[in-house]
Every structure is written in structure tokens, then in C-alpha cells.
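# could you look at this predicted model? Sequence included:
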Amino acid sequence: MDQLYDVIVVGAGYAGLSAAQRLQEAEKKVLVLEARDRVGGRVYTKSLASGSYVDLGAQWIGPGQDHMYALLKTYDLQHFPTYDQGKSLLCWDGKRKSYNGLIPPLPLPALLSLDRAIKSMNRLCRTIDPAAPWQHPRAKQWDSMTLQGWMDQTMMSQKAKQLFTIAAQAIYAVHPSEISFFFALYYARSGKDFDTLMNIRQGAQESRILGGADLPAKKIAEALGHQLRLSHAVRKVTQDMEGVVVKGDGFQYKTRKLIFAVPPVLLQQIQCNPALPSSKWQLFQRMPMGAVWKCYAIYSTPFWRDAGLNGLVASNNGHTRLVFDNSPADGSKGILMGFVLADEARAFSLLSEAERKASILSSLVNYFGPEAAATEAYTDHGWQEEEWSRGCYAAMMGPHTLSSMGMHLRTPVGHLHFAGTETAEEWNGYMEGAIRSGYREAHLVLEMI
């Protein structure tokens, strides 16, 4: 411990890297400590033997995510549209229907019920100030119920409710009974509205990054050079009036300011001396991570496109109930990606690799026919199995949390600052939100040192 840093950043996901990038640009002495042996955090691109790749974590960007697009421009990286040409599939109770557009073919009562629910979510979420949602006049009321409770009150059609559940799980990675209705509205508002978070065109799933979603993270890491240390898990931080001492297995550093850029659940594993205020600990304890597996079937060609299908599937059976075409931009391979979410994700985690593959391919055969069994490769990734994530996409809040404790989330504690996508006012839970949070805390720190 022979040198003093201006700022140490804990975590080399997009939040931590973005904070470090800004601090480096300001010519501050910065050090980034990352527990993993890679950068990117919950963004992780895996190369395949075929020469293609799959994004095992976050992958999509869309309109309004200006910082993400700016980052691509900075490093001369490209993006391409998510494939959505052709018809989608609704596979329900063993029956398979193809359709155009966003809303599946439903009986009129179910269609009206689903449409009303989506429009209601959009209308209500737009009344929330994402910078201070707890100030909303109905914050306590809405935070006293779950999203499921609101659905039960407002949606009469069981089929509409089931489809809404699939959409909600795709957005939040938890079952509607696990999340506060108020938090569900706030999260949707942070990404504009519920429609935006569901949609491909003009939505959060509009584009993908050519070469993989962790490419910009790797570019930032290259620029940081020796200021980034991988496989450096922080175990303890001790602060006094002068600064912070950061300790881990075999290392110790001193810094004037520290930025935590990790999920709240991981902050509970770091010993802080003096202890963080109870208001923060209570909040962190009530912010569990979502549960999700991403499962990839790789084919020699995107054969479903020849049948006029876009690869998008919604289903009420099997472990994977939502499927996307994740083929490369040039269509040189066919890649189907299935989400396994919430309760299904937890059940999926109990299966062996062979059982997981068999389950996913069985569903894909039901959706796309026998050709779906002839894979070149299969791979999957469960984020709740990761020691340094404990879940994905992000931390969620149950009832009576955001309205009563949310105001403590971003508040610094002495020399300790808090970034991460969970702290973002806009695009909470997304790569864009992570970047915004990193910039925010970097600017705040720069005002103090």
C-alpha cells in the first residue's frame, strides 16, 4: 500500500468501466478492481467453435439509449437490427398459430383485456418521476400490492393474464407475484414505458452489437490498461476522515474515494467498517436478483426464415416460453435463443446439462418442427449460478420497498459512492442504465476531489 489513488472502482461491468473512463479522462489516478477474470459483468459474449458468437448476458439496445450508441461510435463499432421479418408464433395448449405484429391472435375478450392492461401500465407509469418515484401521490398505495395483485384486479381474462405474465417475466425476470406493482411501473418508466420494453422495432430489443455486446467494455478496458486489475475480489473496505482502505485476498490499496459498481446483493458480501447505515442494508436485503437462463441452439442455417417465420415464439408450456432469432447479422448461421425465466429458471437450475438441452430442443421442435433437433451446437448460461452476479437481469423490489427506502439507494456514505444499473434513473436494469450510473457517480466524485 505504497500509493494513494484518487478513486477506486469496484466492479468492471459497464457501470464501473464508464465511471473509470470519465475519471481517466479527467486525469485522475483511478484503479478498477474486478472479481472475475474478465470485464463486462452481466454482459458476456461467448465465442463458438464455428467462428460465430452468442451473448450470454445483456445484448439489445434501442432508441433512447444514447450513451450506448455514443460508446459504439467512439470505438467505431457497428450495430444491426434484430431480425423480425415474417410471422411470429403463438404455441398455446399444444396448438400452434402464426401471426403478424406484436399482439398474438386471441379471442376478442382476451384481446381487449390484454390491450387494456398494457395501455393502463403505459398510462400509469408515465405519471412517475424516475428521479424521485417515492414522491408520487399514490406511491404507498401502489407499493402495497404486487404486479400479480394488480393483474388479478384488472384483468378478467385468464388467457390475457397468462400472456401478460410471459411479457412481464421477459421484462423483469421474476414472476409478477414477486414484484411490487409500483416498482414495476417505475422500472417501465425508466425505459419510457411498458410498450418500449416489450417491442423490437422502436423498442428495447431493436438492435444488437456486431461482434458481441461486451466489445465496448473490452475497448474501455484496453484504454485503462494497468489501471484495471482482474481476479481482485474486494472483501473489506475501511473508511475514515482521510479516505478508504480496500482489502482483498493478497492486496490492499488506499484511495480518497471509492465507487461500488456491483449489484446490491454483492454489497452484502463486502465488510464495511464502519458498517453502512441500516437504511442501506435494509434496502439491499430487499433487492433480490431476477432469475434467468439464456439457452442457444445453433444451426447451419436459419431454416425457420424459409418458412416465413421470424423466430419469435410465445408459449405457455415448457421451460422456455419466449424465443428469439439470434442469428448473426449475415445469416451465416441459424441461432435460436430461448429465455428460461423466474420459476422456470429456478426449476431449470436443478437439471443436468443433458436434461437442460433435451428440454430446450423438445420445445424448439414443438415450435419449429423436426429440423430444430438437428443442432450444430447447444450452450446455455444461468446467471443465478454465477458467484459474482447471483442473478439477472437486475435487482428487483417487492412491496413496500421503493416507496419507503428507495431514496437511500444512490446516497453516498462518507467516501463511498454507489453506481450500477440498479441505481439508474433512466434505463434501470439495462446496459444504458449502467453507463449512466457510472457517469453520474464519476461526475459527483470529481466535484469532491
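Noted; the coordinates are in hand. Treat the numbers as computed from the prediction; the structure is a model and nothing was measured.
# contacts and neighbour counts: CA atoms only from here.
OK.
# helices of the stretch 151-300 of the chain, start to end?
158-172, 181-190, 194-198, 215-224, 264-267, 278-285 (DSSP state H, counting those that start in this stretch).
# by contact count, what packs against the last one?
Using 3 or more C-alpha pairs under 8 Å, 6 or more residues apart in numbering; DSSP states H and E as the contact test, the elements touching helix 278-285 are helix 264-267.
# adding distance to Ile449, mean neighbour count and mean pLDDT, write the helices of the stretch 151-300 of the chain out as JSON lines.
Shown next, in JSON lines, are these (distance: least, C-alpha to C-alpha, whole Å; neighbours: other C-alpha atoms under 10 Å; pLDDT from 0 to 100):
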{"stretch": "helix 158-172", "distance to Ile449": "37", "mean neighbour count": "20", "mean pLDDT": "96"}
{"stretch": "helix 181-190", "distance to Ile449": "30", "mean neighbour count": "27", "mean pLDDT": "98"}
{"stretch": "helix 194-198", "distance to Ile449": "38", "mean neighbour count": "21", "mean pLDDT": "97"}
{"stretch": "helix 215-224", "distance to Ile449": "20", "mean neighbour count": "18", "mean pLDDT": "98"}
{"stretch": "helix 264-267", "distance to Ile449": "24", "mean neighbour count": "20", "mean pLDDT": "97"}
{"stretch": "helix 278-285", "distance to Ile449": "24", "mean neighbour count": "16", "mean pLDDT": "96"}
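# nearest to Val292, out of those helices?
Val292 lies closest to helix 158-172 among those, at 9.2 Å (C-alpha to C-alpha).
# quick one, the closest one and helix 181-190 angle?
For helix 158-172 against helix 181-190, the angle by axes from the mean of the first three to the mean of the last three C-alpha atoms, to 10 degrees is 60 degrees.
# which elements pack onto helix 158-172?
helix 108-125, helix 194-198, strand 334-341.
# pipe those into CSV and attach distance to Trp293 per row.
CSV is the format used below for the helices and strands packed on helix 158-172 (distance: least, C-alpha to C-alpha, whole Å):
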stretch, distance to Trp293
helix 108-125, 26
helix 194-198, 18
strand 334-341, 5
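# quick one, which of the ones you listed is packed in tightest?
Compared across these, strand 334-341 shows the largest average neighbour count, a mean of 25 (mean count of other C-alpha atoms under 10 Å).
# show me how far that one is from its chain's centre.
16 Å (C-alpha atoms, centre = their mean, to the nearest Å).
# out of the helices and strands packed on helix 158-172, which gets nearest to Leu258?
Closest among those, using C-alpha to C-alpha: helix 194-198, at 32.5 Å.
# my guess is Trp134 meets Thr401, correct?
No: counting by C-alpha atoms under 8 Å, Trp134 does not reach Thr401; the two are 9.6 Å apart.
# low-confidence stretches in the protein?
In the predicted model, the chain carries pLDDT under 70 at residues 1-2.
# for it, longest strand please?
Determined from DSSP state E, the single longest strand within the chain is strand 251-260.
# compare the helices and strands packed on helix 158-172 and give me the one nearest Trp388.
strand 334-341 (19.2 Å).
# who does the closest one pair up with?
strand 292-299 (antiparallel), strand 322-325 (antiparallel) (DSSP bridges).
# partners of the longest strand of the chain, with directions?
Paired with strand 251-260 in the same sheet, following DSSP bridges, are strand 4-10 (parallel), strand 244-248 (antiparallel), strand 416-418 (parallel).
# of the helices and strands packed on helix 158-172, which is nearest Phe348?
From these, taking C-alpha to C-alpha, the stretch that ends up closest is strand 334-341, at 7.6 Å.
# now do the domain split for the chain, please.
Following automatic domain parsing, one finds the domains of the chain at 4-42+214-276+413-446, 45-84+205-213+290-385.
# now those domains as JSON lines including distance to Ser144?
Output for the domains of the chain, formatted as JSON lines (distance: least, C-alpha to C-alpha, whole Å):
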{"stretch": "domain 4-42+214-276+413-446", "distance to Ser144": "21"}
{"stretch": "domain 45-84+205-213+290-385", "distance to Ser144": "20"}
